[in-house]
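A.B. asks: only geometry, no sequence info:
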C-alpha cells in the first residue's frame, strides 16, 4: 500500500534510501509506514477469517434445528469469531492507523521505538496461527466464549485452552508494546510548537487509548495465567473446592473487559473527529471538550465493569452504583455526538465515501449507545442478559461503530497512502451495500433478543425462524459486500486518478502538507507549528 | 534520541508490571472485600463464640439447608433436616449425613455458601464439619454436626437464609490454599 520510491522533493538529504526489495523489506522493516501497512493488511485478513466464522454461525442459524455444524463446533465458531474480531481485526487496524498517521500528524520522522515496532507486529501472526491451529486439535479449539468464564475454561475445557492462553499472552504483549510506542512517540516526538492541546484528535484519542491498553492488557494477561494455572498446575483461583471463587474470574475479566471496549472505540472517535470537519469545511466544534470527554470516558471505564455481571447476585447497592456510573458515560459520549453534529451545522457539506461512513457511524453508533443504556438499567438487564439483544448492542457499537470508522479512515487516507484516488462509484456501492445489509443483519437481533432468544446457542425456538432467516441473509450480504472493499483497495494501489497533496479540499493537518503518496521518510526535519 | 525515550519507556514498563501485579492483587483484595461485606456468601471459616445470648422470640427466620457432593464426588451427602424456623439468637444443632459408598478411603472438604450473600455475615457457626476435613473409609457412614445461630442483628429484609454445602474430594484438589488452611483442618 505504501510507496516504493522516495520522493526527491520531500527531503533534501539523500543518504536515506528507499525500502529494501522483496520479502526482507517487510520482515526487517522499522519504517512506521511499512509497519502500518502490515498491521492494516493483517487486520483485513483477520476480518475475513473472523467473518468466515460468522458466516458459519449464520448458516447454522438460518433455520431452527441442527443442520450444518455440531454444537461443539458452533461454540468454537462463536468463541474464535469473537477473539479474532476483537484482537485480530479491530485492535490491529487501529494500531496500523496509529503507525501510519501519528508520526505524520505530529511531524515526527517515525515512531519513537522502531525496532520494537517491528517486533510488536511480527509476533501477531504467531499468536493467531496458534489460536487458529488449536481449532484442528483433537476435541477442537476453545469453545467457552471469547469471555472464557471459569469454570468453562478451567474444569470443562479441553487442552486447546493452553494454546488459547499463550496466544492471548502474545497478543497482549504485542498490544502493550504498541501502546508504549505510541505514548513515547506522542510525548517526545511532537514537532516544535505542537502543544498537547494542538494535537489532532486522532492523536489525542490514541494517546488515551494507549494508557488504557497499558492499564488493562496486563490484567488480561494475569487472568489468562490464572486460568492456565488453575487448569494445569493445581491452583484454585476460581475453584471453590480450593477456596477460590468463579465469580472472581468475572470481576478480573471485566476489569479488563470494559476498558477494552473503549480501547476499541476511542480511536474511532478520533477518526470521526478528523473526517467530519473536512467534509463540512468547518473546524471541529468544541475541540477542548472533545479531549476532556475522551479522558472522562477513559476514567469512567474503570468504574463500570460489574454492569456485565448484574445477574451474578450482587447486592442492590453495588448494582445501583454500577448502573449510575454506566449511565454517566452517556454524558461525555453525548458531548461528542453533539459536537460532531454541531460541526456539520451550516457547513458546506459533501458526501464522499469517508463522510458517508462517518455519518453512518454517528447514527448507528448512537443506536448502539442507546441499547447500551437500556442494558445498563439493572432491573431490565435481567431480561436482556445473555440474549440476542446484547449481541445486537455490541455489534452496533463494534461493527457499525469501530469497523465503520476503520472503513471511513481507510477511504479518507487511502489517497495519501497510495497516491491514487480510490474509485468513488465503487466506494459508494460498498458503502450502501454495507449500510443496508448491516442493518438487516443486526437490527432484527434486538427483537429476537427482547423476545428471549439466548445467545451462543446453535438452535432456537420456532417462533424466531423468520427473523433469523432474515438476519442470516443480511449477514451473507454484509460479508459479500466487504469483497467490494478488497477490490477497491487493490484497484487503488494499482492505479487511479493522481491524488493531490491535500487530497480533500477541506482537509487540514500536517499529513496533508506532505506529498501523495507519502514519501518513505517524511518530516526528517520537523515542521514548525505556529 | 534513545536517551530521551528511556525514562518514559522505563516508567511505562513499570506501569505494565504494576498492572500485572494488580490483576493478581485483585484476588486477595476480593477476599478481603467479601469478608468485610459478606458479598459473595462466604461464611467465616472460624468457629463463632456463643455470646449472642438473648434470643429474639418476636422474630422467625427460615433457614434452609442444601447439600450436594461435587460432580466428581461419589459420596452420599445430605442434611438430616432440610429446613427449620429459628428465632435469631437461638443456638441450634443439626446433623449432616455423609456416606462413602465407594470401595476406597477418601478425604473430603465441605465448602459453605450462604444466600442471600449479605446474610452471610449474620450466620454464625459455632461448630461445623466444614472447619475440618472429613476422612471416611470404604463404606463408612458419619453424622456430621453443625451448630449455629442467626445473629439478631440480621437486617429486617431477610426472612429466609439458605445455607448450601458443596462437598469436594480433597485429594483431587492438589494444594490447600490459604483460604481453607485458616480453619484447623489438619487431617
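C.D. replies: Right, received. Where do you want to start? Note that the coordinates shown come from a computational prediction; the quantities given were computed from them, not determined experimentally.

A.B. asks: so which strand or helix has the residue nearest in space to the middle of chain B?
C.D. replies: Most central in chain B under C-alpha atoms, centre = their mean is residue B:112, positioned 3.6 Å from the mean C-alpha point. Using DSSP states H and E, residue B:112 sits within strand B:106-115.

A.B. asks: which other helices and strands contact the next helix or strand after that strand?
C.D. replies: The element immediately downstream of strand B:106-115 (helix or strand, assigned by DSSP H and E) is strand B:123-128. Applying 3 or more C-beta pairs under 8 Å, 6 or more residues apart in numbering or on different chains; DSSP states H and E, one finds that strand B:123-128 contacts strand B:106-115, strand B:141-150. For glycine as for every other residue, the C-beta is placed from the backbone atoms N, C-alpha and C.

A.B. asks: between the ones you listed, which one is closest to chain A.
C.D. replies: Within the helices and strands packed on strand B:123-128, the stretch nearest chain A is strand B:106-115; the backing value is 5.2 Å (C-beta to the nearest C-beta).

A.B. asks: for residue A:505, see how far away the residue nearest to residue A:518 when sequence neighbours are not counted is.
C.D. replies: Once flanking residues are discounted, residue A:518 sits nearest to residue A:416: 5.7 Å by C-beta to C-beta, 6 or more residues apart in numbering or on different chains. The gap separating residue A:416 from residue A:505 is 14 Å, by C-beta to C-beta, to the nearest Å.

A.B. asks: before we move on, what about residue A:23?
C.D. replies: Distance, residue A:23 to residue A:505, by C-beta to C-beta: 39 Å.

A.B. asks: the more surrounded of the two?
C.D. replies: residue A:505 (11 against 8; other C-beta atoms under 10 Å in any protein chain shown).

A.B. asks: who does the helix of greatest length in chain B touch, helix- and strand-wise?
C.D. replies: With secondary structure taken from DSSP state H, chain B has its longest helix at helix B:2-37. With contacts taken as 3+ C-beta pairs under 8 Å, 6+ apart, helix B:2-37 sits against helix A:160-188, helix A:201-232, helix A:246-263.

A.B. asks: can I get those in JSON lines with distance to residue A:326?
C.D. replies: What follows is the helices and strands packed on helix B:2-37, written out as JSON lines (distance: least, C-beta to C-beta, whole Å):
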{"stretch": "helix A:160-188", "distance to residue A:326": "25"}
{"stretch": "helix A:201-232", "distance to residue A:326": "17"}
{"stretch": "helix A:246-263", "distance to residue A:326": "9"}
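
A.B. asks: closest to chain B out of those helices?
C.D. replies: helix A:201-232 (2.8 Å).

A.B. asks: domain ranges for chain B?
C.D. replies: As given by automatic domain parsing, the domain ranges for chain B are B:1-37, B:41-175.

A.B. asks: tell me the most buried of those?
C.D. replies: Most buried of the domains of chain B, by mean neighbour count (mean count of other C-beta atoms under 10 Å in any protein chain shown): domain B:41-175, with a mean of 17.

A.B. asks: please report phi then psi for residue B:93.
C.D. replies: phi -130, psi 130 (degrees, to the nearest 10).

A.B. asks: comparing the helices and strands packed on strand B:123-128, which yields the minimum mean pLDDT?
C.D. replies: Mean pLDDT across the helices and strands packed on strand B:123-128 is lowest at strand B:106-115; the value there is a mean of 86.

A.B. asks: which residues touch the closest residue to residue B:149 other than its chain neighbours?
C.D. replies: Among residues not flanking residue B:149 along the chain, residue B:91 sits closest, at 4.7 Å (C-beta to C-beta, 6+ apart). By C-beta atoms under 8 Å, 6 or more residues apart in numbering or on different chains, the contact set of residue B:91 is B:50, B:126, B:147-149.

A.B. asks: so which bits of the helix or strand harbouring residue A:323 are buried?
C.D. replies: Per DSSP H and E: residue A:323 is located in helix A:316-328. For helix A:316-328, burial by neighbour count (16 or more other C-beta atoms under 10 Å in any protein chain shown) applies to A:319, A:321-323, A:325-326, A:328.

A.B. asks: heading C-terminal from it, find the next helix or strand.
C.D. replies: Counting by DSSP H and E, what follows helix A:316-328 is helix A:330-344.

A.B. asks: looks to me like residue A:514 is in a strand.
C.D. replies: No - applying DSSP: H, G, I helix; E, B strand; the rest coil, one finds residue A:514 to be coil, outside a strand.

A.B. asks: okay, now it: neighbour count?
C.D. replies: 20.

A.B. asks: name the nearest residue to it, ignoring sequence neighbours.
C.D. replies: Nearest to residue A:514 is residue A:522, by C-beta to C-beta, 6+ apart, at 4.9 Å.

A.B. asks: picking that back up, closest one of the buried residues of helix A:316-328 to residue A:484?
C.D. replies: residue A:326 (37.0 Å; C-beta to C-beta).
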